[in-house]
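Participant: Show me the folded form of this:
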Amino acid sequence: MSAVADTHAQDHHHGPAKGITRWLLTTNHKDIGSMYLMFSFAMFLLGGSMAMVIRAELFQPGLQIVEPEFFNQMTTMHGLIMVFGAVMPAFVGLANWMLPLMVGAPDMALPRMNNWSFWLLPAAFLMLVSTLFMQGGAPNFGWTFYAPLSTTYGPPSTTFFIFAIHIMGVSSIMGAINVIATILNMRAPGMTLMKMPMFVWTWLITAFLLIAVMPVLAGVVTMMLMDINFGTSFFDAAGGGDPVLFQHVFWFFGHPEVYIMILPAFGVVSHIIPAFARKKLFGYASMVYAVGAIALLSFLVWAHHMFTVGIPIFGQLFFMYATMLIAVPTGVKVFNWVATMFRGSMTFEAPMLFSVAFVILFTIGGFSGLMLAIAPADFQYHDTYFVVAHFHYVLVPGAIFGIFAAAYYWLPKWTGTMYDETLAKTHFWLSFVGMNLAFFPMHFLGLAGMPRRIPDYALQFADFNMVSSVGAFMFGATQLLFLFIVVKCARGNGEKAAAKPWDGAEGLEWTVPSPAPYHTFATPPEVK
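Facilitator: Numbering: from 1, shown residues only. Predicted coordinates:
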């Protein structure tokens, strides 16, 4: 605490640091949250432009604009940048901004570490993106970087990619430690764990997931590093290693990782739906337990990504049933959101539109996940576009729409200005239509047998691919509108936001399951 008070005292007494040094050296959670959000949006545009290359190539069969080798580099980089560069930093940015305000803390628990964990990210991604300009090109083996494809046949830049992954992991672990320390040690007096807002709960659980699985990712990329450079054979059958070992270690990280990308969005939506339904969140305690159950079960399902590698029948049955079990707490959450909306006085401002779309489309993604969980059926679906459709239905309307909803919901609080509601609704509808046009046809392509990760395809898949590409370009272009809306709002071009911008909604960001009004919590003076 004294460190926090110190840095704040310096800020106040010696005048705020000016220009670039303010951002380089800041320990202010709001500044750092803003930097995370800006960085993640830049990565979102970069990763999105790579998706545009992919969809342009798949617009028609036959070679059009890029070589197959470059196509593979684009699919790999698109996945890595979207997961580690866009979605995760965006949620960390939201956590930095909102957690101290929600628990009544003056700042994050470890402000200097907070600054460091952010500044590692631009370095890591600069390194990752620089591989595009190296001899042999960028990583070309898919975002899951399966060995021995990545270790034996990958380009020379693979070692750079491994280093970049290590740095991102260090950043994530430090961010998670900071979140846990803040929530457990700096809550306002009287705020017990079961009185914490849902966003705080989802982030607390997400932070524990990060600390559990990031070292596993570090382990698997270190084993790759050894195989490539030091003559070991962890994943090389010729030296007595096992390629399937890579998949086990990778997915033991990778499955909890997909929940890391969705749990904070659950928290965001659990604030917005009650606010715009003018009702308390239905079933607060069951929401908390459901998030915990999802997090625990996420460690028991990793091999559902591996039904086709020849795991024994008992293993297939175990992972099939464990995966289906995750649908239960997820169903509890969806039920609670719908019950919160039921007979509420709903209005549909942009945050609510994104949240309702989140609930509907995320549920569709959940159902296709249930189909993929059925081991014998998965033999047909595996490595087809059906899988691509499934995880994009979870991540685009899930993670990305959750981030948009949060941005619109809290922008008035962050900037003091209301965003342009008409433009925001336009952004929503174009995103909604574009996203569904882009990803829904992929279900049909996959069921018809179109494989993933290919730059070319048979003629019978042409029509759906064309529709898909049109939708993807629509979705991609629309995000420039979002940039315009946010910049316009941040510059103060709009009506001044009220003290409680979404008034009429109960308690809003601080909805707690107790009768105590939220303004009794200790909040720093600049927040009020």
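Participant: Buried residues of the longest helix along the chain, list them for me.
Facilitator: Looking across the chain with DSSP state H, the single longest helix is helix 198-229. Neighbour-count burial for helix 198-229 flags 198-210, 212-214, 216-218, 220-221, 223-225, 227-228 (criterion: 16 or more other CB atoms under 10 Å). Heads up, the C-betas are built off the backbone N, CA and C, glycines and all.
Participant: Can you spell out which helices and strands pack onto whatever helix or strand L430 lives in?
Facilitator: Following DSSP states H and E, one finds L430 within helix 421-447. Counting contacts by 3 or more CB pairs under 8 Å, 6 or more residues apart in numbering; DSSP states H and E, helix 421-447 packs against helix 350-373, helix 385-394, helix 401-415, helix 462-490.
Participant: Minimum distance to A42: which of those has it?
Facilitator: Among those, helix 462-490 comes nearest to A42, with 9.9 Å by CB to CB.
Participant: list the helices and strands that closest one packs on?
Facilitator: Under the contact rule (3+ CB pairs under 8 Å, 6+ apart), helix 462-490 is packed against helix 29-57, helix 401-415, helix 421-447.
Participant: let's go with 10 Å and repeat that
Facilitator: Judged by 3 or more CB pairs under 10 Å, 6 or more residues apart in numbering; DSSP states H and E, the packing partners of helix 462-490 are helix 29-57, helix 385-394, helix 401-415, helix 421-447.
Participant: and the angle from the first one to helix 385-394?
Facilitator: Looking back up the chat, that one is helix 29-57. Orientation check (axes from the mean of the first three to the mean of the last three CA atoms, to 10 degrees): helix 29-57 against helix 385-394 gives 150 degrees.
Participant: starting at the chain centroid, how far to helix 29-57?
Facilitator: Put simply, helix 29-57 sits 12 Å off its chain's centre (CA atoms, centre = their mean, to the nearest Å).
Participant: avg pLDDT for that helix?
Facilitator: Across helix 29-57, pLDDT averages out at 98.
Participant: likewise the shortest one?
Facilitator: Predicted confidence along helix 385-394 averages 98 (mean pLDDT).
Participant: same check, this time on stretch 355-363
Facilitator: On average, stretch 355-363 scores 98.
Participant: in terms of contact, does M442 touch S469 like I think?
Facilitator: No: using CB atoms under 10 Å, M442 makes no contact with S469, being 11.0 Å away.
Participant: neighbour count winner among those two?
Facilitator: Set M442 next to S469 and count neighbours by other CB atoms under 10 Å: M442 wins out with 25 against 21.
Participant: Now for that one: which residues touch it?
Facilitator: Listed by CB atoms under 10 Å, 6 or more residues apart in numbering, the contact partners of M442 are 384-390, 392-393, 450, 452, 464-465, 467-468, 471.
Participant: run the last query once more with 6 Å
Facilitator: Taking CB atoms under 6 Å, 6 or more residues apart in numbering as the contact definition, M442 lies against Y385, V388, A389.
Participant: Equivalent analysis for I165, please.
Facilitator: V221 are the contacts of I165 under CB under 6 Å, 6+ apart.
Participant: Now do the helix or strand hosting it against helix 29-57, angle only.
Facilitator: For I165, the element it lies in under DSSP H and E is helix 158-185. Relative orientation of helix 158-185 and helix 29-57, computed by the same axes, to 10 degrees: 140 degrees.
Participant: Tell me the buried residues in helix 158-185?
Facilitator: Quick answer for helix 158-185 (16+ other CB under 10 Å): 158-162, 164-180, 182-183.
Participant: go on, stretch 20-31?
Facilitator: Across stretch 20-31, burial judged by 16+ other CB under 10 Å covers W23, T26, T27, N28, H29, K30, D31.
Participant: Of these, just say which sits nearest to A375.
Facilitator: Within the buried residues of stretch 20-31, the smallest distance to A375 is 45.4 Å, found for H29 (CB to CB).
Participant: Settle this for me: that closest one is touching A95, isn't it.
Facilitator: No: under the criterion of CB atoms under 6 Å, H29 makes no contact with A95, lying 9.1 Å away.
Participant: between these two, what contacts are shared?
Facilitator: What both H29 and A95 touch, as defined by CB under 6 Å, 6+ apart, is an empty set.
Participant: Report how many residues lie close to D463.
Facilitator: Neighbours of D463 (other CB under 10 Å): 12.
Participant: ok, how many other residues are close to F342?
Facilitator: Neighbourhood size, F342 [other CB under 10 Å]: 11.
Participant: let's have the chain start at 8 instead
Facilitator: With 8 as the first residue, the last one maps to F349.
Participant: Kindly provide the distance from it to P319.
Facilitator: F349 sits 45 Å away from P319, going by CB to CB, to the nearest Å.
Participant: For stretch 488-497, which residues meet the burial criterion?
Facilitator: F489, I492, V493, K495, C496, A497.
Participant: nearest residue to L224 other than its sequence neighbours?
Facilitator: Leaving aside its chain neighbours, L224 sits nearest to F260 (4.3 Å; criterion: CB to CB, 6 or more residues apart in numbering).
Participant: That neighbour and P107: what is the separation?
Facilitator: From F260 over to P107 (counting by CB to CB), the distance is 29 Å.
Participant: out of these two, which sits in the more crowded spot?
Facilitator: Set F260 next to P107 and count neighbours by other CB under 10 Å: P107 wins out with 25 against 21.
Participant: Now do the contacts for the more buried one.
Facilitator: Residues in contact with P107 (CB under 6 Å, 6+ apart) are H36, D114.
Participant: part of a strand, is it?
Facilitator: No: going by DSSP: H, G, I helix; E, B strand; the rest coil, the assignment for P107 is helix, not a strand.
Participant: avg pLDDT for stretch 299-308?
Facilitator: Averaged over stretch 299-308, pLDDT sits at 97.
Participant: how long is it end to end?
Facilitator: End-to-end distance for stretch 299-308: 15 Å, by CA to CA, to the nearest Å.
Participant: chain center to it: distance?
Facilitator: Worked out by CA atoms, centre = their mean, stretch 299-308 lies 17 Å from the chain centre.
Participant: what do you get for stretch 67-79?
Facilitator: Computed by CA atoms, centre = their mean, the chain-centroid distance of stretch 67-79 equals 28 Å.
Participant: what do you get for stretch 153-164?
Facilitator: Centroid separation between stretch 153-164 and its chain, computed with CA atoms, centre = their mean, is 26 Å.
Participant: And for stretch 189-203?
Facilitator: In terms of CA atoms, centre = their mean, the centre of stretch 189-203 is found 25 Å from the chain centre.
Participant: re the thing from before, could you export the buried residues of stretch 488-497 as TSV, including distance to A505?
Facilitator: What follows is the buried residues of stretch 488-497, written out as TSV (distance: CB to CB, whole Å):
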residue	distance to A505
F489	23
I492	19
V493	19
K495	18
C496	15
A497	18
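Participant: can you list those in a markdown table and add pLDDT and distance to S305?
Facilitator: Shown next, in a markdown table, are these (pLDDT from 0 to 100; distance: CB to CB, whole Å):
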| residue | pLDDT | distance to S305 |
| --- | --- | --- |
| F489 | 98 | 30 |
| I492 | 98 | 34 |
| V493 | 98 | 32 |
| K495 | 97 | 39 |
| C496 | 96 | 36 |
| A497 | 95 | 36 |
